[in-house]
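> kindly generate the corresponding structure for this input.
(chains A and B)
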Amino acid sequence: MSPPPRSHRWLAALAPPLAPLAAILLFLAAWEGLVRWRQIPEYVLPGPLRIAAALGESWPTLFSSLLFTLTVTGEALLAAVVLGGGLAVLLAQSRWIERSFYPLAVVLQVTPIVAIAPLLLIWIHDVRLALVVCAGIVAFFPMVANTTLGLNSADHNLLDLLGLYGASRWQVFRRVRLPSALPYFLGGLRISGGLALIGAVVAELVAGSGGTESGLAYRILEAGYTLEIPRMFAALALLSATGVLLWAALSGLSWLLLHRWHESAVRREG
Amino acid sequence: MLLPGPDSEPTDPIIRLRGVEQRFAGGVTALSGLDLDVRPGEWLSLLGPSGCGKSTALRLIAGLARPTAGSVERRLPGTNDIGDIGFVFQEPTLMPWATVEGNIALPLQILGVSRTEIRARVTELIERVGLGGFERARPRELSGGMKMRVSIARALAASPRLLLLDEPFAALDEITRARLNDDLLGLWQAQGFTVVFVTHSVWESVYLSTRIAVFSNRPGRVVAEVVVDAPAPRGAEFRESAVYLSTCRQVSEKLAEAMR
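You can find the predicted model right below:
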C-alpha cells in the first residue's frame, strides 16, 4: 500500500487539535455577527471583539486579580489534597473509622458553600484566608471520597499475597494500596481543581470584597455596579480560561502518571 | 539393619489436615471432614468438580484462612513459615503499575532482601520462566500466558518449599496451557519443591501429579486417592502411554463416583 498523500497526513495530524478550535471560532463569529446584525447594545451583550478590547484596556487590574484568584484556588486545592488525602488514609484503616467519620464528610459536602461562607467570613477576619477555607471545603470531599474508594479497591488476592509474606501495614500501604488508589485520586483531583476555582469565586462574591487584594469575582461585581458589561465579560472569559487550563493541567498530570499502565489513560489500538 | 516398620510413612507430611470443616458466613459449608496430607517433594493435585471446596482447601493450606473446625498443621522444617509458601492464583494477580521485574521482585522486597540480591534473583527467574526481553514490560502489554509466567516467577521468587497453584491455567488456551504445564513440571523436577495443584481436569492432573486427591461434591472432602506411578521426566510419550490412559480412566471413574 502506498502512503497517503502528504496533504492528507498533515490534515490527519492537525485535525484533533484544530477541530475544537474551529468550533470555538465559529461560535465567536456567530456571536459577533448576531450582536452586529441585531445591533444589540454593549451594556446588554457585547461582542467578542469588544470584550477583547476591554480585556486589553483593563489588563493590569484583571491580571493581578487573576493571579489572586489563582493563588486562592491553588492554596485551597493543596489544602484539600493534603487534608482530604490524609483523611482518606485514616478512613481506609478500618471500616469502623470509615463508618464513623464518612457521614461528617458528606455533611460538609452537601451543605452549600454559599450558606457557610457568611459564617466563615465572620469567624475568620483575614478575608483572604476565609476565601481559601471556603474553596478548600468545596474541594475537600471529592478528594476524600475518591481516595478512600481507591485505597479500598486494591486487589484482594494481591493483599492476601502480601499477607503470605508477612508484609507490614506500611508495606501493604506503600506497595499495593497507594498505587491502586492513584487513578481514583487523580480523578478526584480533576474534580476538586474545578471546584476549588468555583469555591474561590463564590466565596469572594459573598464577601463582596477581596480585602486588600481583589480577585476576578470582585472585578465582576465591580463592573456590574458601574455597568461596564464588556469588562464584566472580560473577567468572566478569564475565569473560564483559567478553569479550562486548570482542568487541562490536571488531566496532563493524570496522563503522565497513568499512561504506562492504567486503562483510562492507554490509547486503544486497532 | 533398620527397616521402616510396616505402618511408618516413608516421609513425614509437611502439611497435615485433619477433620477440617470450613463454613462461610453465608451458611455455605465448603469443606467437611477433610483429611489430607502433603508429603515433601510430591506433586499433589486436588481434583474435583467446580465449587467442591478445592480452592478453599488450598487457602487453608496457605494459611490465608482458618478452618471453622479441625486442624491444619504446617511443618516446613528448618525455617519459619514466612516466604516458604508460594501461591499462584487463578488470575495472574499482578500489579498493573509495575514492570515484569517489579512484580517478580515484590516478595523479595517485602522480605527485606538486599537490592543487589533481588536484581540477581529476578534476572535468573525471568530467564527460567522464559520472559527474557520483557523485563520492563507492564502486565497489560503481555499475553495471558506470559502474565501467568510472571505470576509463577513471583511465586518462586522467595525459593518456597511449597508451591500452591489454584487452577492457574484455567483461563488459557490449550496450547499455552500444555506448554506452561511442561515448563512448570521442568521447574519442579529441577528445584525439588513440593506442589499442591488445584484442577478440574483429569488429563492435566494425571499428566502432572505423583498423587491425586479426588474431592467429593460440596461439602468437599477427599474420597479417593490415586498414585500416578510414572517416573520423571514425563513428556509427550507419557501422554500416549498405557499407564497414562489407564490412570486417566481410573481417576475419571473415581471422580464420577465422587460426584454421585
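> what about the helices in chain A?
A:6-37, A:48-57, A:59-91, A:95-110, A:113-123, A:127-152, A:156-164, A:169-172, A:178-207, A:216-225, A:229-258 (DSSP state H).
> what is the second one packed up against?
Pointing back at helix A:48-57 there. helix A:6-37, helix A:229-258 (3 or more CB pairs under 8 Å, 6 or more residues apart in numbering or on different chains; DSSP states H and E). From N, CA and C alone the C-beta is placed, and that goes for glycine too.
> list the buried residues for that helix?
A:48, A:50-52, A:54-55 (16 or more other CB atoms under 10 Å in any protein chain shown).
> returning to what we had before: just name the most buried of the helices and strands packed on helix A:48-57.
helix A:229-258 (a mean of 17; mean count of other CB atoms under 10 Å in any protein chain shown).
> so for the helix or strand of chain B with the lowest mean pLDDT, what gets flagged as buried?
Using mean pLDDT, DSSP states H and E, helix B:236-240 stands out as the lowest-scoring helix or strand of chain B, at a mean of 84. Buried positions in helix B:236-240, judged by neighbour count with 16+ other CB under 10 Å: residue B:238.
> now the element after that helix, going C-ward?
Using DSSP states H and E, the helix or strand that follows helix B:236-240 towards the C-terminus is helix B:242-259.
> now tell me what touches that next one from outside.
For helix B:242-259, contacts defined as CB atoms under 8 Å, 6 or more residues apart in numbering or on different chains pick out B:47-49, B:202-203, B:205-207, B:212, B:214-217, B:223-224, B:226, B:228-230, B:238.
> one more time with 10 Å
Helix B:242-259 has contacts (CB atoms under 10 Å, 6 or more residues apart in numbering or on different chains) with B:45, B:47-49, B:52, B:200, B:202-203, B:205-207, B:209, B:212, B:214-217, B:220-230, B:234, B:237-239, B:241.
> who's in contact with residue 234?
You didn't pick a chain, so chain A it is. So residue A:234 contacts A:46, A:50-59, A:62, A:216, A:219-220, A:223, A:228 (CB under 10 Å, 6+ apart).
> let's do chain B instead
Going by CB under 10 Å, 6+ apart, residue B:234 touches B:181-182, B:185, B:189, B:206-208, B:228, B:241, B:244.
> out of these, which is most surrounded?
Ranked by the number of neighbours (other CB atoms under 10 Å in any protein chain shown), the contacts of residue B:234 place residue B:206 first, at 27 neighbours.
> now that residue: which helix or strand?
helix B:202-208.
> what about the stretch 51-200 of chain B, any weak spots by pLDDT?
B:77-83 (pLDDT under 70).
> who are the contact partners of whichever residue of the stretch 101-250 of chain B sits closest to chain A?
Residue nearest to chain A within the stretch 101-250 of chain B: residue B:110 (4.3 Å; CB to the nearest CB). Shown in contact with residue B:110 (CB under 10 Å, 6+ apart): A:161-168, A:171-172, A:175, B:82-83, B:157-158.
> go again with 8 Å.
A:162, A:165-167, A:171, A:175.
> any idea how far residue A:151 is from it?
Distance, residue B:110 to residue A:151, using CB to CB, to the nearest Å: 19 Å.
> let me see the contact set for residue B:223.
B:214-216, B:254, B:257-258.
> rerun at 10 Å
With contact taken as CB under 10 Å, 6+ apart, residue B:223 is in contact with B:48, B:213-217, B:254-255, B:257-259.
> now residue B:146
Residue B:146 neighbours (CB under 10 Å, 6+ apart): B:92, B:100, B:129-131, B:134, B:137, B:139, B:176, B:180.
> which SSE is it in?
helix B:144-156.
> may I see the buried residues of that helix?
For helix B:144-156, by 16+ other CB under 10 Å, it's B:145-156.
> and that helix, how far out from the chain's middle?
In this view, helix B:144-156 has its centroid 13 Å away from the chain centroid, taken as CA atoms, centre = their mean, to the nearest Å.
> flag every buried residue along stretch B:209-218.
Within stretch B:209-218, the residues that count as buried by 16+ other CB under 10 Å are B:209-216, B:218.
> now residue B:179. Nearest residue, chain neighbours left out?
Using CB to CB, 6 or more residues apart in numbering or on different chains and skipping residues adjacent in sequence, the residue nearest residue B:179 is residue B:145, 7.4 Å away.
> the one you found reaches residue B:174, doesn't it?
No - the pair residue B:145 / residue B:174 is not scored as a contact, 11.3 Å apart, by CB atoms under 10 Å.
> now do the residue nearest to residue A:74 when sequence neighbours are not counted against chain B, distance only.
Nearest non-adjacent residue to residue A:74, counting by CB to CB, 6+ apart: residue A:196, 7.9 Å away. Counting by CB to the nearest CB, to the nearest Å, the gap from residue A:196 to chain B is 27 Å.
> I'd say residue A:196 and residue A:71 touch.
No - taking contacts as CB under 10 Å, residue A:196 lies outside contact range of residue A:71: 11.3 Å.
> confidence score at residue A:143?
We have a pLDDT of 94 for residue A:143.
> excluding covalently adjacent residues, which one is nearest to it?
Nearest non-adjacent residue to residue A:143 (CB to CB, 6+ apart): residue A:84, at 2.9 Å.
> contacts only, for the one you found.
Here residue A:84 is in contact with A:77, A:105, A:136, A:139-148, A:185, A:188-189, A:192 (CB under 10 Å, 6+ apart).
> list the contacts for residue B:192?
B:40-41, B:161.
> using CSV, write out every CA atom in stretch B:211-228.
Only the C-alpha atoms of stretch B:211-228 are listed here, as CSV (Å, rounded to 0.1, in the frame of the first residue of the first chain):
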residue,chain,number,x,y,z
ARG,B,211,-0.6,-38.3,43.6
ILE,B,212,-4.2,-37.1,43.1
ALA,B,213,-6.7,-36.4,45.8
VAL,B,214,-10.3,-36.7,44.4
PHE,B,215,-12.8,-34.4,46.1
SER,B,216,-16.5,-35.0,46.6
ASN,B,217,-19.2,-32.6,45.8
ARG,B,218,-19.7,-29.8,48.3
PRO,B,219,-19.1,-30.0,51.2
GLY,B,220,-15.8,-31.3,49.9
ARG,B,221,-13.6,-34.0,51.4
VAL,B,222,-11.1,-36.4,49.9
VAL,B,223,-13.0,-39.5,48.8
ALA,B,224,-10.2,-41.3,46.8
GLU,B,225,-6.5,-41.1,46.2
VAL,B,226,-4.7,-42.2,43.2
VAL,B,227,-0.9,-42.6,42.9
VAL,B,228,0.4,-41.9,39.5
